[in-house]
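Trainee: one predicted model, sequence on top.
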Amino acid sequence: MSSRPTVIVWSDYISPYAFVAKAWAYALEADYDLTLDWRPYTLDIASFQGSVEQRDPHHWRRVRYAYMDARRFANKQGLTLMGPKKIFYARPVNAGMLYAQKHGVFRAYNDQAFERFWRRDLDPESVEAVGVLLQQCGAPSGFAAFYAGEGGTEHDKLRTEAEASGIFGVPSFVFDGELFWGGDRVFLLRERLDEKGVARRRSR
């Protein structure tokens, strides 16, 4: 291919499946001559799964299975995945991704935001806590102002764009206009990259 291809990765720090898919996304970038374009997609969980009070036993069986399933993948990677104590709306921590990218500390923030939330060591709704984490990762102070202004606006714009393009959940990978939802579809994405002639990196 004449130019380096891009794979868009839509992610949410409070999604257990996005957490375990992070390593698989990194592996794509390590194995292929491509660029990963990470973007936040904040799931409003209560709006599509209902409030806690509205959920029936069938729903809770599905929730328990989902965490058990994600924990199996986490265990294989040596990750700690502790189920959250409440339903979060993760707009602040996901907007933090944009601030981290702006200041060149994305990888550190991406790793720490996931790992700390799933250890129950980060409140994803706290602008202050996200700002502290960003500074620990090497970003300058100023996240609160960013979040109240351009950062929050950009976050919401991306969410609208995601849904207009067909995104409905995370992790979602988009290559050449084709959507692959879920980490268990990465093998299909790899097949498509090969079919499209995306160059593989030489092993070092």
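Mentor: Sure, I can see it.
Trainee: and the one helix or strand Val174 maps to, what other elements does it pack with?
Mentor: Per DSSP states H and E, Val174 falls inside strand 172-175. Contacting strand 172-175 under the criterion 3 or more CB pairs under 8 Å, 6 or more residues apart in numbering; DSSP states H and E are the following elements: strand 6-11, strand 178-181, helix 186-195. Any C-beta I mention is one placed from the backbone N, CA and C, and that applies to glycine too.
Trainee: and that strand, which residues are buried?
Mentor: Ser172, Phe173, Val174, Phe175 (16 or more other CB atoms under 10 Å).
Trainee: can I get the residues you listed in CSV with distance to Lys102?
Mentor: Putting the buried residues of strand 172-175 into CSV (distance: CB to CB, whole Å) gives the following:
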residue, distance to Lys102
Ser172, 22
Phe173, 23
Val174, 22
Phe175, 25
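Trainee: make TSV from the residues you listed and add pLDDT and distance to Ala70 to it.
Mentor: Converted to TSV, the buried residues of strand 172-175 look like this (pLDDT from 0 to 100; distance: CB to CB, whole Å):
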residue	pLDDT	distance to Ala70
Ser172	97	16
Phe173	98	17
Val174	98	22
Phe175	98	24
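Trainee: Gly83 in helix, strand or coil?
Mentor: Recorded secondary structure, Gly83: coil (DSSP: H, G, I helix; E, B strand; the rest coil).
Trainee: run a quick neighbour tally on it.
Mentor: Around Gly83 there are 14 other residues, counting by other CB atoms under 10 Å.
Trainee: tell me how far it lies from Ile14.
Mentor: Computed as CB to CB, to the nearest Å, the Gly83 to Ile14 distance reads 11 Å.
Trainee: distance of Asn110 relative to Gly96?
Mentor: 10 Å.
Trainee: of those two, who's got more company?
Mentor: Gly96 (31 against 22).
Trainee: show me the shaky parts of this structure.
Mentor: In the predicted model of the chain, residues 1-2, 45-60, 62-63, 67, 203-204 satisfy pLDDT under 70.
Trainee: 90 instead?
Mentor: Flagging of the chain using pLDDT under 90 yields the residue ranges 1-3, 43-87, 184, 202-204.
Trainee: in stretch 157-167, what counts as buried?
Mentor: Leu158, Arg159, Ala162, Ile167.
Trainee: please consider this matter closed, and thank you.
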